[in-house]
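K.L.:
Need the 3D shape of this:
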Amino acid sequence: MKPRSKSRPTKAASSLEHRLPVPQQVTISARTHQLRTSPLGGPVDRALAFVTYASRAVPLTAMLDGLPARISAVLEADVVSIYLAEGGGDGLVLRGNVGFDRQAQGTIRLRVGEGLTGQAVALRRPICAVRASGAEGFRRFDELDEDRFPVFLAVPIVGADNRVLGALVAQRAAGEFTPSDVVAATLMTAPIAHAVRRDALLDDLRDKPQRRTGGGTRKVMLPGRPLVPGRALGAVAALRRPAKDRPPGGVERSAQAEAKQIDASFDAVERAIRKLEARARAANLVGPHNDLSSFALMASDSRLRERAVELVRQGKGVPDALSTVAREVTRAALGAVGDPFLAERSRDIEDLCDAVLMLAAPDARAAVPSKALLVGEKLTLFDLLVTAKSQPVGLALAQRPSPRSEVFARLLGVPVIAGVESIFRWASPGDVALLDADHGLLIINPSRAEVSALRAWRKSHAEGEPAGAEAPPSMSEGWSSGPGLDWGDTEAGA
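P.N.:
Okay, the predicted model is just below:
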C-alpha cells in the first residue's frame, strides 16, 4: 500500500483555512540549526484549527455545525458525518455533516449493526473500505448518492464508561485511508463524546423527570426528525382546541344573528383554505394524500352550514351547534366499520368546525401566546387556520411525520421537528426552549452558551459568512417567524 504522496485539501478545507488564520509552522534544520518557516495551510495547520475549535466550551449544536468541516480538513475527506446514538442506544441518526445535502441531517437513520457504520458501532472497532458499496452489509441511501465517495471510514465514538455514543464517518472520492488516518479520526471523536455525555441524548443518561408547572432550570435535549429547517428560541406553549361545552357568556345575540355569524365564519375559513391551497400549489406541495382542495370543498359544503344554522335556530348556542355537527359526522363515519377514508374525513370536519367556532365565538382559553414555541401531538388544519395567527416561532411534534403533516409544516413557515418522544414528560408550559430543526434537536432550558451560539449563528448567516452550510429559510427567536398567511381578510364578516 503506497502512502498518499501529497496533500489534497478539500473544498471545505480550503474554505476553512481561508477563514481561520493560524501561525506559520516553524522547523529547525538538522544541519544548520537555523529556524525555517513552512507555508500556511499544511496538515499541522489544519490540525491546529481542529484543536482550537474543539477545545472551546461550545454546546453540542455548535459542535455539530463546526466539527465536520474541521475534521474534513484534517482527514482530507470529501464527506464527514457524525452519527449519534439515541433512545435506548440501539439507533443511530446522522446529526452533523459536511459534503451531503443539509436535509440528510436528522433523516438518515440506522440501527446498531446495520450498514458499515452500524457494524463499526456494534463491534466497537473502526471499519475501512476502498469501495464501500461492494462491502458486505453496506446500507445504501439513494438520496445521498454515496457512489461518488466510495472510500469509506467509520470510527465508533466511545464515552468515558466505554459505552458507544455514536460514530464518525469520513468518505473520499479517491485515495484510501491510512492507519494514521484511522488513529487521527479516533482521537478526534473525544470532544464529540464529551458533548454527548454532557447533553444526555440517551434516555438512561437522564434523571427521572419531575413534574413542574414550567419555568424550571433543568436542561434536557430531546432528539427528533427535521421537517422544516431553521432555529428558534421561545417559551413553550401547547397546541390547544376550543372547548365544546363552555357555558354561555359574552354578548347576548339573537338566533338570527348567530346563524349569520356561522355563515360568515364558514366563508372566512373557506377563503383561508383557498389561500393555503394556492401557496401549496406554488410550492409544488400538492399530492394525492395532501390535496387541500378537499378541505375547501368541505368548507363550502352547504349541508354542514345548513345543519349548524338549523341547530342554532332551534336554540342551541354556536359552540353546541358546531360540536353537534362534528359528532353527527363522526357517528356516521364510525357506522361504516373499517372505512379509514371516512374516519379521516370525520376528523378533518371536526378540525374545520373547531376553526369555524373560533371565528364565530372566540374562546380565550384556546388561544396560544404570541411568539411561542409550540409543542403538540400532531399538526392539523385547525392549527394552520387558527394557531398560525399567533405567529409561533417554531413547532415540535410528538408523532412521526406523515405526508400531510409535512405539507402543513411547510405551509406554517417556521422551524419544525417531529417524532420527539416523551416531549410531554420533559417540556412544560413556560419553559424556555431552543429548537434546532437543522440537526433535529429540542433543547429545553438551554444554557447561556447555547443561546449565545444561536445568536452568533443567526448573525453569521445574516451577514452572509460561509459556515459550511447554506442559510436555512427560517431563523426565529421570539420576535420573528417564518412566512405565514396574511390574515387581514379572513376574519368572519370581512
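
K.L.:
Could you chop this structure up by domain?
P.N.:
Following automatic domain parsing, one finds the domains of the chain at 11-203, 206-240+367-477, 255-364.

K.L.:
CSV please, covering those domains and showing mean neighbour count and mean pLDDT.
P.N.:
Yep, even glycine has a C-beta here, placed from its N, CA and C like the rest. Formatted as CSV, the domains of the chain follow (neighbours: other C-beta atoms under 10 Å; pLDDT from 0 to 100):
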stretch, mean neighbour count, mean pLDDT
domain 11-203, 18, 84
domain 206-240+367-477, 20, 82
domain 255-364, 18, 81
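
K.L.:
Wait, Gln399 touches Ala418, no?
P.N.:
Yes. With contact defined as C-beta atoms under 8 Å, Gln399 counts as touching Ala418 (6.5 Å).

K.L.:
Common neighbours of those two, please.
P.N.:
Ser405 (C-beta atoms under 8 Å, 6 or more residues apart in numbering).

K.L.:
what residues are up against Val112?
P.N.:
Ala85, Gly89, Asp90, Gly91, Leu92, Gly118, Val121, Ala122, Val164.

K.L.:
Which of those fall in strands?
P.N.:
Ala85, Gly91, Leu92, Val164 (DSSP state E).

K.L.:
strand partners of whichever strand or helix holds Leu227, parallel vs antiparallel please.
P.N.:
Using DSSP states H and E, Leu227 maps to strand 225-228. Partners of strand 225-228 in the sheet, by DSSP bridges, are strand 416-418 (antiparallel).

K.L.:
And for the following helix or strand past the partner strand, what's in contact with it?
P.N.:
Under the assignment DSSP H and E, the closest C-terminal helix or strand after strand 416-418 is helix 423-426. Contacts with helix 423-426, where a contact means C-beta under 8 Å, 6+ apart, come from Pro209, Val220, Leu222, Val375, Ala396, Ala398, Leu442, Ile444.

K.L.:
Reformat those as TSV; add distance to Glu328.
P.N.:
Below are those laid out as TSV (distance: C-beta to C-beta, whole Å):
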residue	distance to Glu328
Pro209	41
Val220	43
Leu222	39
Val375	32
Ala396	34
Ala398	29
Leu442	39
Ile444	41
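
K.L.:
Just those: which are in strands?
P.N.:
Per DSSP E, those map to strands at Val220, Leu222, Val375, Ala396, Leu442, Ile444.

K.L.:
May I have stretch 378-389 as PDB, with CA atoms only?
P.N.:
What follows is stretch 378-389, C-alpha atoms only, in PDB (Å, rounded to 0.1, in the frame of the first residue of the first chain):
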ATOM      1  CA  LYS A 378     -49.600  16.500  15.500                       C
ATOM      2  CA  LEU A 379     -50.200  19.400  13.200                       C
ATOM      3  CA  THR A 380     -53.800  19.800  11.900                       C
ATOM      4  CA  LEU A 381     -55.800  22.100   9.600                       C
ATOM      5  CA  PHE A 382     -57.100  23.900  12.700                       C
ATOM      6  CA  ASP A 383     -53.500  24.900  13.600                       C
ATOM      7  CA  LEU A 384     -52.900  26.300  10.100                       C
ATOM      8  CA  LEU A 385     -56.200  28.200  10.200                       C
ATOM      9  CA  VAL A 386     -56.200  29.400  13.800                       C
ATOM     10  CA  THR A 387     -53.000  28.700  15.800                       C
ATOM     11  CA  ALA A 388     -50.800  30.200  13.000                       C
ATOM     12  CA  LYS A 389     -52.400  33.600  13.700                       C
END
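
K.L.:
residues in contact with it?
P.N.:
By C-beta under 8 Å, 6+ apart, the list of residues contacting stretch 378-389 reads 239-241, 269, 272-273, 276, 295, 348, 351-352, 354-355, 358-359, 366, 368, 374, 376, 395, 397-399, 402, 405, 408-409, 411-412, 416, 484-485, 487.

K.L.:
repeat that with 7 Å
P.N.:
239, 241, 269, 272, 276, 295, 348, 351-352, 354-355, 358, 368, 374, 395, 397, 399, 405, 408-409, 411-412, 484-485, 487 (C-beta atoms under 7 Å, 6 or more residues apart in numbering).

K.L.:
Among those residues, which ones are in helices?
P.N.:
Assigned to helices by DSSP state H, the following of the contacts of stretch 378-389 qualify: 269, 272, 276, 295, 348, 351-352, 354-355, 358, 405, 408-409, 411-412.

K.L.:
Go through the residues you listed and name the one nearest Val79.
P.N.:
Nearest to Val79 among the ones in helices among the contacts of stretch 378-389: Ala409, at 27.7 Å, using C-beta to C-beta.

K.L.:
how close does that closest one sit to Thr387?
P.N.:
12 Å (C-beta to C-beta, to the nearest Å).

K.L.:
ditto for Val416
P.N.:
13 Å.

K.L.:
Pull out the C-alpha coordinates of the strand or helix carrying Leu67 and format them as PDB.
P.N.:
For Leu67, the element it lies in under DSSP H and E is helix 60-75. Coordinates of each C-alpha in helix 60-75 appear next as PDB, following Å, rounded to 0.1, in the frame of the first residue of the first chain:
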ATOM      1  CA  LEU A  60     -23.300  20.200  21.100                       C
ATOM      2  CA  THR A  61     -25.300  22.000  18.400                       C
ATOM      3  CA  ALA A  62     -22.300  24.200  17.700                       C
ATOM      4  CA  MET A  63     -20.000  21.100  17.600                       C
ATOM      5  CA  LEU A  64     -22.300  19.600  15.000                       C
ATOM      6  CA  ASP A  65     -22.100  22.800  13.000                       C
ATOM      7  CA  GLY A  66     -18.300  23.300  13.200                       C
ATOM      8  CA  LEU A  67     -16.500  20.000  13.700                       C
ATOM      9  CA  PRO A  68     -17.400  18.200  10.400                       C
ATOM     10  CA  ALA A  69     -15.700  20.800   8.300                       C
ATOM     11  CA  ARG A  70     -12.600  20.800  10.500                       C
ATOM     12  CA  ILE A  71     -12.400  17.000  10.600                       C
ATOM     13  CA  SER A  72     -12.800  17.000   6.800                       C
ATOM     14  CA  ALA A  73      -9.800  19.300   6.600                       C
ATOM     15  CA  VAL A  74      -7.600  17.100   8.800                       C
ATOM     16  CA  LEU A  75      -8.500  13.800   7.100                       C
END
